[in-house]
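> I'll drop the sequence and a predicted model, then ask my questions.
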Amino acid sequence: MLALSRRNRYGINVWPAFVDALASVLLVFVFVLLVFVVGYFVLGDTLAGKTRALDELGRQVTALAETLSLERARSADLQSRLDDLATRLQATLAERAGAMARAEAAEGAAARLRGELDESTARIASSEEEVARQKQELASLQADIESLRQLRADLERRAAELAATVQQRDRDLTASESQNALLEARVNLLNQQIAALRDQLAQLSAALDLARVEAKRKDAQIADLGERLNIALARKVDELQRYRSEFFGRLREILGKYPGIRIEGDRFVFQSELLFPTASATLTPEGQRQLAQLAKTLKSTTAQIPDDIDWVLRVDGHTDLRPINTVRYPSNWDLSTARALSVVEFLISQGIPPNRLVAAGFGEFHPIDKAVTPEALARNRRIEIKLTQP
């Protein structure tokens, strides 16, 4: 009895301390669980935002792919137009070669070839316009390629930023042991989406490289087409120069023996007194006889020029520096122009085609002798005839 009383007096009651410790552990566990739940929801919201960003990026890539498809279609259409243009140019050159052969074989078919020359010239002009338009379309395509290149760089930068963010989230998820499997699955999904995005970027880069190569090839085709056009035009000029030399030599032989007709450079110069009375634009009988002989020579000489070579006979009227002021001719401009027109109209009446003649009046402003002697004034009063291009 005494021993029991002693044990009750000195014994320890552990029940209240055990309850307090258990309550403290429970509170800590609840707090940790609450922190984990809050972190889980914050992380889930962040991942949802990144998922939305990836979806938006996917839509942008889809739009970019559609844009690239449209550019490919435009490039194919441009290639088709260039091929058609090359075909038409080859057909034009073939037709021109055939026209030249027919002109050399049968000079009597010159009238029929005139229409073919006009058509060929129109096609060459159309080809030049088409080349200019294709150059504009090519410049637009190059601008679009540059825009796509900038968009690709921006997408690569955004993909790199997104990859860095995913890697940071991956490290944060590794620190959390719970829910690891779910988070790893989401990270794997993000990595797959990034890989798909990179594949699309690689395809876009390849398409841009292909478009760049296609643009360079079209530049070369346009340059080649321009060179061919320049060669054709240069050949026309050379042919006209050759016939001009023959024309000039023939007229030199025929007209060089007549008094009052001078040969200066590539022009035949008729003194005005040989053709017109003083202060008049009416041809004298002697002037008409001289011009009739000239027209006869012109018809026989120019008939040898093929119809695919465009040429005109320019008639220039000049006066001396003495002014004129009559009712019919108020100035030297009017007198020189009227005389040139009189010569042109007479040549037309002698059978020279009107589309091969040009009349121009220069007044007193282009003298060949600047002296004021009677001889110099007489030299400056003149009619000049020159074979040239229109």
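That came through fine.

> What segments of the chain are strands?
261-264, 267-271, 312-318, 357-361, 382-388 (DSSP state E).

> worst average pLDDT in these?
For these, mean pLDDT drops lowest on strand 261-264, to a mean of 74.

> And that one, what's buried?
By 16 or more other C-beta atoms under 10 Å, the buried positions in strand 261-264 come out as Ile261, Arg262. Using the backbone N, CA and C atoms, a C-beta is placed for each residue, glycine as well.

> What pairs with that strand, parallel or antiparallel?
Next to strand 261-264 in the sheet, as set by DSSP bridges, lie strand 267-271 (antiparallel).

> ok now the partner strand, how far from the chain's centre?
45 Å (C-alpha atoms, centre = their mean, to the nearest Å).

> quick one, it and strand 312-318 angle?
Angle of strand 267-271 versus strand 312-318, following axes from the mean of the first three to the mean of the last three C-alpha atoms, to 10 degrees, is 40 degrees.

> Contacts made by strand 267-271 with the rest, please.
Contacts with strand 267-271, where a contact means C-beta atoms under 8 Å, 6 or more residues apart in numbering, come from 251, 255, 260-263, 290, 368, 378-379, 381-386.

> among those, who's most crowded?
Arg382 (27 neighbours; other C-beta atoms under 10 Å).

> if we can go back for a sec, quick one: the strands of the chain as JSON lines, columns for distance to Leu64 too.
Shown next, in JSON lines, are the strands of the chain (distance: least, C-beta to C-beta, whole Å):
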{"stretch": "strand 261-264", "distance to Leu64": "70"}
{"stretch": "strand 267-271", "distance to Leu64": "66"}
{"stretch": "strand 312-318", "distance to Leu64": "58"}
{"stretch": "strand 357-361", "distance to Leu64": "59"}
{"stretch": "strand 382-388", "distance to Leu64": "58"}
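
> so which of those strands comes closest to Leu85?
Across these, Leu85 has its closest neighbour in strand 312-318 (30.2 Å, C-beta to C-beta).

> in the closest one, what counts as buried?
Leu313, Arg314, Val315, Asp316, Gly317, His318.

> Please identify the one among those residues that lies nearest to Pro390.
Using C-beta to C-beta, the buried residues of strand 312-318 come closest to Pro390 at Arg314, 9.1 Å.

> ok, that closest one - contacts?
By C-beta under 8 Å, 6+ apart, the residues touching Arg314 are Val358, Ala360, Ile385, Lys386, Leu387, Thr388.

> any idea how far it is from Glu66?
60 Å (C-beta to C-beta, to the nearest Å).

> Leu321 too?
Counting by C-beta to C-beta, the gap from Leu321 to Glu66 is 75 Å.

> With neighbour numbers in mind, choose between the two.
Leu321 (14 against 10).

> Nearest residue to that one in space, please, no chain neighbours.
Glu364 (4.5 Å; C-beta to C-beta, 6 or more residues apart in numbering).

> If I look at that neighbour, what pLDDT would I see?
On the pLDDT scale, Glu364 is placed at 94.

> Run a quick neighbour tally on Gly361.
With other C-beta under 10 Å as criterion, Gly361 counts 20.
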